[in-house]
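Student: How does the following fold in three dimensions:
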Amino acid sequence: MILSQFLKEKRKLLKLTQQDLADKAGVGIRFVRDLEQGKETLRMDKVNQVLKLFGHELGPIIIER
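Tutor: Predicted coordinates for the structure are as follows:
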């Protein structure tokens, strides 16, 4: 599952608006929108701020070739 899809599903599962999520994570609404739209260039520390609310963080994964 891609990050943007994961976060959107988690947010909706908890019945949070994008603004609610931004407020709880301490990031801006624009950042949440960019994140959910799959923007490729985002600050990892801010992504982790949002993921922390769901008990997750960014990490390396193996790419299958």
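
Student: Can you mark which positions in the biggest helix by length in the chain are buried?
Tutor: Longest helix of the chain, by residue count under DSSP state H: helix 3-13. Using 16 or more other C-beta atoms under 10 Å as the test for burial, helix 3-13 gives 3, 7-8, 10-11. To be clear about C-beta, it is placed using only N, CA and C from the backbone, and glycine gets the same treatment.

Student: Which member of those residues is positioned nearest residue 40?
Tutor: Taking C-beta to C-beta as the measure, residue 40 lies nearest residue 3 of these, at 10.4 Å.

Student: Compute the first-to-last residue distance for stretch 33-50.
Tutor: Chord length of stretch 33-50, first to last residue, is 12 Å (C-alpha to C-alpha, to the nearest Å).

Student: And stretch 54-65, by the same measure?
Tutor: Stretch 54-65 end-to-end distance (C-alpha to C-alpha) = 30 Å.

Student: For it, give me every contacting residue.
Tutor: With C-beta atoms under 8 Å, 6 or more residues apart in numbering as the test, stretch 54-65 has contacts from 7, 10, 44, 47-48, 51.

Student: Farthest-apart pair in these, please.
Tutor: For these, the maximum inter-member distance is 18.2 Å, found between 10 and 44 (C-beta to C-beta).

Student: Count the residues that sit near residue 15.
Tutor: 7 (other C-beta atoms under 10 Å).

Student: Number the chain from 553, please
Tutor: Sounds good: first residue 553 from here, last item residue 567.

Student: So it versus residue 573, what's the distance?
Tutor: 11 Å (C-beta to C-beta, to the nearest Å).
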